[in-house]
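> predicted model and sequence follow; I will ask about them next.
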Amino acid sequence: MNRLSSRITCTALVFAAAACATNKVEMSMSPPKPDPRVGLKAGWFNAGQAAWNLELISNTPPSPAFINSSMPGDFALINSDLAFYANWVIQGNFSGYQVWDVADPARPILYTAWICPGSQSDVSVYDHLMFVSNESTNSRGDCGTQGIRDTVSKERARGIRIYDIKDLAHPRPITIVQTCRGSHTHTLVYSPADTENIYVYVSGSAPVRSPNELAGCSAMSPAEDPNSALFRIEVIQVPLKAPETAHIVSSPRIFNDLAAPATHPEPVADSIAQAKMIADYLKAHPEVKMPPPAPRTGPTQCHDITVYPAIGLAGGACGGYGLLLDIRDPAHPTRIGAAADSNFSYWHSATFNNAGDKILFTDEWGGGLQPRCRATDNMEWGADAIFSLVNGTMTFKSYYKMPAPQTSQENCVAHNGSLIPIPGRDVMVQGWYQGGISVFDFTDASHPMEIAYFDRGPMDSTKLVAAGSWSAYWYNGFIYSSEISRGLDILELKPSGWISQNEIDAAKLVHQIFSNVQTQQKITWPTSFVVARAYLDQLERGKGLAPERIDAARKALSSAEGKSGTSRRSALDALATQLNADAQGAADAKKVALLAVEVSALAKMP
């Protein structure tokens, strides 16, 4: 469907939901009209802003070491992905990383800025270890900024850097695990069955380096050379007692037998502009000869892999395919499923829901540096694709794309996001570069719905200057966004008709010591009255239980909370019994049953 029809459909759904809701949940269910994200003023740190059900509580500009302040709007350095460790946020940058102390999210403090050019410096943490991806041919083992001129050099570092971060202000380099194609991204994998090691899945998309620089690297096809560095990922084993001995333990060829997928054409205007750009370049450089087009193949590498060790699965976003991997043996992942879609341009990243019965893939159409959320762009292109997941089989359900049209001066792409831990629902926050931050509910996989957003105007009103949210992740009660050009954003969810204060409070009960979003942890909630109230709010919003039964349950829950000892247990047991009876005829029997289980658990608490 086109953008106009999508707007009409979404608007109808919003108003239908609002009309069916009670007065308690009607507030803010209908997004502002007209959409305030359209027509925002351009600017660097003074761009116009629009928000709905989200509040920006702080924006902290990059460290002076990571910004070209002499030329506003002209950035030599790009912020990339985030990792979380206690009260610190580690923000990757194409030329190193920054560490922010976020003990007070309203006032982040720069803890350290580490210069080490390498691109794109994706970061992960585990205990006292930090892992950083390097892919650039200018990346040096000594982190020097002078680069490398030689085509073959032993000083080049392309792969995974491992640091000891017991003292985050003074990270100690442990080793560099070199790989043939460097590391564009990586993912940590740990297994309850193997507590002696962690594993790193490396996705490297750069050209294969010379075997004279790193022995064993081959750019030939697997048919010509069975040891080819193409059509495989690298798995690094890191012994926790001796991380300095980290090494590649396997190179699984998870792409075998995948044919070139069908693709969609670029918009006509973009194709013409690209052809003109190439023609102008060739005219100015007659010595350059265009190579013949290479034959199309299936993917030779993944862009990103998200693992979910608790269910033994991983989602591989691998260029032309979305792959499902069995990772029960983390050192030797195997492909068990694959999906292709002609509406997708470049499968970029993946997210499982907490139950493990859905998986979402993003499409990096335009490579992150093109405007792909214009009013003329197809809503199925550059979207997320949501699949159900049953017994290792992926079944397509729907697309979700940030719905507000952006200008031709804003690079917009479906990029990185994470689950927001609201019990009983599948809610995700996602960065869309200069499309901003979008929060959406995909509990109903066939009908995802935007429920909150934050956006800024373009960097420049006359030309495209890269900026926006590289990644937006929930961590211990707040949303952290790596702004490519504007630093670190920290946001907070506001209660609305779509998310109640009880649901927000329940999400804030989930506390992690560290977080790497591409290594999904099973979310569990402590037994709490606020979790029970969150379920009641959901039943009211979705009309899953009769209003009089919801009111009665709320009163009984509040009454029980005011009691103690045997009186509290008896009141909660009686409520659980009543809820189990209510579930028999409820419109949302599953949610009522969840509520009954939570109330029973409350009764067992001392």
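Alright, I've got the coordinates.
> could I get the full set of helices for the stretch 401-550 of the chain?
Using DSSP state H, counting those that start in this stretch, the helices found in the stretch 401-550 of the chain span residues 501-508, 529-541, 547-561.
> could you list every helix and strand that the shortest one packs against?
Judged by 3 or more CB pairs under 8 Å, 6 or more residues apart in numbering; DSSP states H and E, helix 501-508 is in contact with helix 529-541. Just so you know, the C-beta spots here come from the backbone N, C-alpha and C atoms, and that holds for glycine as well.
> between the helix it packs on and helix 547-561, how many degrees?
170 degrees (axes from the mean of the first three to the mean of the last three CA atoms, to 10 degrees).
> pLDDT averaged over helix 529-541, what's the number?
The average pLDDT for helix 529-541 rounds to 98.
> cool, stretch 204-211 as well?
93.
> what comes up buried for that stretch?
For stretch 204-211, burial by neighbour count (16 or more other CB atoms under 10 Å) applies to 204-206, 208-209.
> and the end-to-end length of that stretch?
Its first and final residues considered, stretch 204-211 spans 16 Å by CA to CA, to the nearest Å.
> and the contacts of it?
With CB atoms under 8 Å, 6 or more residues apart in numbering as the test, stretch 204-211 has contacts from 135-137, 151-152, 156, 158-159, 179-184, 217-219, 229-230, 234, 301, 303.
> in its sheet, which strands sit next to the longest strand along the chain, and in what direction?
Criterion DSSP state E: the longest strand present in the chain is strand 194-203. Strands adjacent to strand 194-203 in the sheet, as given by DSSP bridges, are strand 185-191 (antiparallel), strand 234-239 (antiparallel).
> what's the longest one in contact with?
Think strand 185-191. 81, 120, 122, 124, 126, 131, 133, 160, 198-203, 303-307, 309, 314, 327-328, 330, 516, 518-519.
> output that strand as CSV, nothing but the C-alphas.
What follows is strand 185-191 as a C-alpha-only set of coordinates in CSV (Å, rounded to 0.1, in the frame of the first residue of the first chain):
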residue,chain,number,x,y,z
THR,A,185,29.5,-5.9,13.8
HIS,A,186,29.8,-8.7,16.3
THR,A,187,27.6,-10.6,18.8
LEU,A,188,28.6,-12.2,22.1
VAL,A,189,27.2,-15.6,22.8
TYR,A,190,27.3,-17.4,26.2
SER,A,191,25.9,-20.7,27.1
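> off-centre distance for it?
Mean-position distance between strand 185-191 and its chain equals 15 Å (CA atoms, centre = their mean, to the nearest Å).
> quick check: mean pLDDT across that strand?
95.
> do the same with the last one
Per-region confidence: strand 234-239 scores 98 on mean pLDDT.
> and of the strands paired with strand 194-203, who's closest to Lys494?
strand 185-191 (32.0 Å; CB to CB).
> in that closest one, what counts as buried?
185-191.
> quick one: contacts for Trp474?
So Trp474 contacts 418-421, 429, 507 (CB under 8 Å, 6+ apart).
> excluding chain neighbours, what is closest to Arg456?
In space, and not counting its chain neighbours, Arg456 is closest to Ala47: 4.3 Å by CB to CB, 6 or more residues apart in numbering.
> now what about stretch 436-444, what contacts it?
Contacts of stretch 436-444 from elsewhere in the structure, counted by CB under 8 Å, 6+ apart, are 37, 50, 53-54, 353, 358, 360, 386, 400, 402, 404, 420, 425-432, 448-456, 468-469, 472, 479, 481, 489, 491, 493, 498.
> start and end of that stretch, how far apart?
By CA to CA, the extent of stretch 436-444 from end to end equals 23 Å.
> what about Thr443, distance to Glu561?
Using CB to CB, to the nearest Å, we find Thr443 at a distance of 27 Å from Glu561.
> returning to what we had before: so the residue nearest to Arg456 sits against Phe454, correct?
No. Counting by CB atoms under 8 Å, Phe454 is not a contact partner of Ala47; they are 11.9 Å apart.
> who has more neighbours out of those two?
Phe454 (24 against 19; other CB atoms under 10 Å).
> OK, contacts around Tyr126?
By CB under 8 Å, 6+ apart, the neighbours of Tyr126 are 188, 190, 198, 514, 516.
> partners of Pro173 in the sheet?
Bridge pairing for Pro173 - DSSP bridges - gives Tyr163.
> so where do the strands sit in the stretch 401-550 of the chain?
416-420, 427-431, 437-441, 449-456, 469-475, 478-483, 487-493, 514-515 (DSSP state E, counting those that start in this stretch).
> partner strands of the first one, with direction?
Yep, that's strand 416-420 we're talking about. Here strand 416-420 has these sheet partners by DSSP bridges: strand 427-431 (antiparallel), strand 469-475 (parallel).
> same question for the fourth one.
Sheet partners assigned to strand 449-456 using DSSP bridges are listed as strand 49-52 (antiparallel), strand 437-441 (antiparallel).
> got the strands paired with strand 416-420 as TSV, with mean pLDDT and distance to Ala284 columns?
Output for the strands paired with strand 416-420, formatted as TSV (pLDDT from 0 to 100; distance: least, CB to CB, whole Å):
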stretch	mean pLDDT	distance to Ala284
strand 427-431	98	36
strand 469-475	98	33
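> still on that earlier bit, which one of the buried residues of strand 185-191 is nearest Lys276?
Using CB to CB, Thr185 comes nearest to Lys276 of the buried residues of strand 185-191, at 32.8 Å.
> rewinding a little: tabulate the strands paired with strand 449-456 (a markdown table), appending mean pLDDT.
Output for those, formatted as a markdown table (pLDDT from 0 to 100):
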| stretch | mean pLDDT |
| --- | --- |
| strand 49-52 | 98 |
| strand 437-441 | 98 |
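> low-confidence ranges in the stretch 101-250 of the chain?
Counting by pLDDT under 70, not a single residue of the stretch 101-250 of the chain qualifies.
> hmm, back to that, quick one, what contacts the residue nearest to Arg456?
With CB under 8 Å, 6+ apart, Ala47 has these contacts: 40-41, 456-459.
> please redo it, this time with the cut-off set to 10 Å
Listed by CB atoms under 10 Å, 6 or more residues apart in numbering, the contact partners of Ala47 are 40-41, 434, 455-461, 467, 486.
> ok, Glu244 next?
Going by CB under 10 Å, 6+ apart, Glu244 touches 162, 164, 173-175, 238.
> how far away is it from Ile174?
In this structure, Glu244 and Ile174 are 5 Å apart, going by CB to CB.
> so what sits against both of these two?
Contacts common to Glu244 and Ile174, judged by CB under 10 Å, 6+ apart, are 162, 164, 238.
> the last one touches Thr175, doesn't it?
This means Val238. Yes. Here Val238 reaches Thr175: they are 9.3 Å apart, a contact under CB atoms under 10 Å.
> what distance separates the start and the end of stretch 497-505?
End residues of stretch 497-505 are separated by 15 Å (CA to CA).
> how about the strands paired with strand 194-203, which one is nearest Ala338?
Going by CB to CB, the one of the strands paired with strand 194-203 nearest Ala338 is strand 185-191, 18.3 Å.
> can you confirm Ala581 is in a helix?
Yes. The assignment for Ala581 (DSSP: H, G, I helix; E, B strand; the rest coil) places it in a helix.
> residue contacts, it?
549, 592, 596.
> where does the second one sit: helix, strand or coil?
Reduced to three states with three-state DSSP, the structure at Val592 is helix.
> what is the neighbour count of it?
26.
> quick revisit: what's the closest of the strands paired with strand 194-203 to Ala273?
strand 185-191 (29.2 Å).
> Ala472 is in contact with Met402, isn't it?
No. Proximity of Ala472 to Met402 does not meet the contact threshold set by CB under 10 Å, at 11.4 Å.
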